[in-house]
Each structure stands twice: as C-alpha cells, then as structure tokens.
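A.B. asks: heads up, no residue letters with this:
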Ligand code: ATP
Ligand code: MG
C-alpha cells in the first residue's frame, strides 16, 4: 500500500524535499527547490555527486540501503527521483511512509524497453516494429523484416550504450552474444527525418501541462542539440506529439515530470521511441526560455502545488557540453573559453560541477535565448564554432 495522507495535501516551502540520485538532473532539481524555499536531501553514494554538493542534506548510501532510505524518509516530506534506474523497490519502500512521485510502478515500466513498448501499444501510440529477445528460441524466430535493426538491452541503457546495429542474422546472433545474452529488444532501423521529444508534468489530481515540442539532434547516440521555437517542426506533427505524450502519461496514471522521445520518419509519421520518468536533457532550455523550468514542474508535482501551463518567452537553442570539449588542445583537460561564450547575447551557461572531464561525459549545457529563431540559431552556431562543436 502506498502512503495514505490525503492526496490533496499541499507541501509548502519550508519543508524538505528528497531526490534519489545525485547527478546533474538532481542538482538542477535541488536548485529549483531551494529557489522556492524548500530544503533538500539527496541520496547518492558518490561523495562528489553534482547534486550532493549543493544540497542541504546528502545521504551517502546506495539506493537499496535500508538505513539510507529510512533516513531519507525521516528527513523529507516527499521524494522524487532523477535517475531512472533507481530500483523500483526503493521507491515502493519509501512510498509506505511518504508521497513518492513518480510511482515505482511507472518507473519500472520506463526501466524496461519491453514493458515500455507494451505500454505504447496499449496506449495506441505507434512505436518501431520490434521483437523481445530473451531466449535462443526467440532469437531464431526473429522476423527478417526487423533487419537491418538495432539490438538494445532491455534494461540499463543510456546515451546509446547497450546498443548494437545489426544488418544480418549472423550479426544479430553475434551482437546478442556480445551483449551477454541478456534480455534485449530488437528494433527495426527506421529512416529518421529528425527526432523530437515532449515533456509533460502531471499532478496527483490529473492536471497535466506540457512544454513545447523539442527538436533534437543526436550525435553518436547522445543528445547534442535541442531547438525550441515556433516552426521547429510542422504544427500538425507537433500537436500529434503533445497528444501522444499526454496519453502515454495518462495511461501510466503518472505523477511527476515525464519525457517522451519520438522519431519523425521520412514520410512524416511520428513514432514513439522511449520515455524517461524524470526531467530530461532535451528540456534544459526551459530554465531560460520558459517562464517555468522542468525542474520547477517537478517540484510542483511532488508537492501538489498548482500546475500552470508554462509559457515560452524566447526562441532557444541548447548545446550539450560534453567532456570532449575539454580535450580540443590535446590529452590534458582544459576548460573551454567560457569568457568568449559569455560575451554572446543570450548565452546562459550551466555547468554541473563534475570533478573530472571525460570524453562522452555530460559536463554542462549552454542555453541560447533570443527574440527570434534566426537569432537564436546564429548565436548558437557562433558558440558551437568557439567550442569546436560541429555546425548543425
Ligand atoms: P537516451 O536514454 O540517452 O535517450 P538510449 O541509450 O536510451 O538513449 P535510444 O534513445 O534508444 O538510446 O537510441 C539512441 C539514438 O539512436 C536515438 O536517439 C536515435 O538517434 C538512434 N536510434 C535508436 N533506435 C533507432 C531506430 N529504431 N531507428 C533509427 N535510429 C534509432
Ligand atoms: Mg533515447
């Protein structure tokens, strides 16, 4: 059974809010909560976790440590998560004594590509043709129509990790061996025109609001650029994406911030890719281009504060700042020329306070805001040139 206090009870500023996970999403949640006058508690083993470093309380235990969870429950009025691979059991344990959002059951679905796809089918939202591969028999029975495809581990994948592209049956067999014969999903490789995502926030009373559709560019399986402005994609497609994202959230009886990622195919068809049960990298622009960020939405959802439809006030382009940018001069890490970046109009720098720069590691992001889409793009391309990010 989950926590029984009245579902309408509002948790006002002054209370302590908890987050499972101490990564950059947790850090930005902490910043948003503190700005509104809440105290914060982070549970993360890592002593130098980005969120732990800025939180009032930092409990340094693993997600399944009973004492750590008990301490978190004791400190907090409500708990959320920033890390989608938090064991659902930990969320369920916390939910016995305090409000937890999103629920363990929704997070469990997002953690498993097979369960996630079954949910899309249930909601009537089209996804890529796929097959679940858990046994050699299922592997042998795969339909040729799914090739060429991408074999993805059902669990624990992120930033394109745990994925192998396969053209033939022989490659498929080899790829499954390579992934350790764990439960996988084989997805047909689709001809992508572009990718987009939608962030929705849903309250306990069913109120639901959304951020505008984000147009995303991935490089090497990692989000590189997000563009959000009027006309970033055809209006009909954008509306369809928002409607699909809402039905996925409603179908989960979801409480909290949810990101739904989509592919837009060459023929204009919209296909859902995956969901993230938390704020998402593609929603970071909301910190500077919207009158409410995705992290404030997360705070409002978990505290039962009103969900007001956010309004975009600036056209925006977000550039992800990966650790690779620290190694443009050689093998010794050297921070980019932030002073040159901050000389650009509408440049908002967000760095996550990670101790070491590493290739492929998300170190921060740069939000560029402007009055028009053209201006935002021009400035973002200038920033990209300074940083050594390829043009887009
Ligand atoms: P993250 O969680 O960081 O978004 P992930 O590791 O879960 O990433 P996916 O979103 O499944 O990975 O895939 C990463 C990228 O690979 C996609 O954004 C897309 O560019 C490409 N991709 C994945 N599946 C397909 C597909 N079926 N057809 C074509 N391209 C694909
Ligand atoms: Mg993805």
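C.D. replies: Alright, I've got the coordinates. These numbers come from a predicted model, not from an experiment. Ligands and ions are numbered 1, 2, ... in the order given.

A.B. asks: how many neighbours does whichever residue of the stretch 1-150 of the chain sits closest to ligand 1 have?
C.D. replies: In the stretch 1-150 of the chain, the residue that lies nearest ligand 1 is residue 128 (4.3 Å; CB to the nearest ligand atom). Where you see a C-beta, it was placed from the backbone N, CA and C, and this is true even at glycine. A total of 20 residues lie near residue 128 under the criterion other CB atoms under 10 Å.

A.B. asks: What parts of the chain come near ligand 1?
C.D. replies: 128, 150, 152, 157-161, 187, 189-190, 192, 195, 218, 221, 261, 273-274 (CB under 6 Å from any ligand atom).

A.B. asks: Now a ChimeraX select for only the buried ones of the residues you listed.
C.D. replies: Here is the ChimeraX command that selects the buried residues among the residues of the chain next to ligand 1 (16 or more other CB atoms under 10 Å):
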select :128,150,152,157,159,187,190,195,218,261,273,274
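
A.B. asks: Mind checking which of the residues of the chain next to ligand 1 are in strands?
C.D. replies: Applying DSSP state E to those, the entries found in strands are 150, 152, 187, 192, 195, 218, 261, 273, 274.

A.B. asks: picking up where we left off before, test for you: state the pLDDT assigned to the closest residue to the residue of the stretch 1-150 of the chain closest to ligand 1 other than its chain neighbours.
C.D. replies: Nearest residue to residue 128 in three dimensions, chain neighbours excluded: residue 187, at 4.6 Å (CB to CB, 6 or more residues apart in numbering). At residue 187, the pLDDT value in this model is 97.

A.B. asks: Thought residue 359 was touching residue 327, still the case?
C.D. replies: Yes. Because the distance of 6.5 Å satisfies CB atoms under 8 Å, residue 327 is recorded as touching residue 359.

A.B. asks: the strands in the stretch 1-150 of the chain, which residues?
C.D. replies: According to DSSP state E, counting those that start in this stretch, the stretch 1-150 of the chain carries its strands in the segments 16-20, 39-43, 57-59, 78-81, 130-133, 149-153.

A.B. asks: Including mean pLDDT, could the ones you listed go into a markdown table?
C.D. replies: A markdown table is the format used below for the strands of the stretch 1-150 of the chain (pLDDT from 0 to 100):
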| stretch | mean pLDDT |
| --- | --- |
| strand 16-20 | 98 |
| strand 39-43 | 98 |
| strand 57-59 | 98 |
| strand 78-81 | 98 |
| strand 130-133 | 96 |
| strand 149-153 | 96 |
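
A.B. asks: So which bits of the helix or strand containing residue 177 are buried?
C.D. replies: Here residue 177 is covered by helix 169-178, with elements defined by DSSP states H and E. Applying a neighbour-count criterion of 16+ other CB under 10 Å, the buried positions in helix 169-178 are 171, 172, 175, 176.

A.B. asks: taking the mean pLDDT, what do you get for it?
C.D. replies: Mean predicted confidence for helix 169-178 is 96.

A.B. asks: The residue nearest to residue 12 when sequence neighbours are not counted: neighbouring residues, count only.
C.D. replies: The shortest distance from residue 12 to any non-neighbouring residue, by CB to CB, 6+ apart, is to residue 303 (7.4 Å). For residue 303, the neighbour count with other CB under 10 Å is 23.
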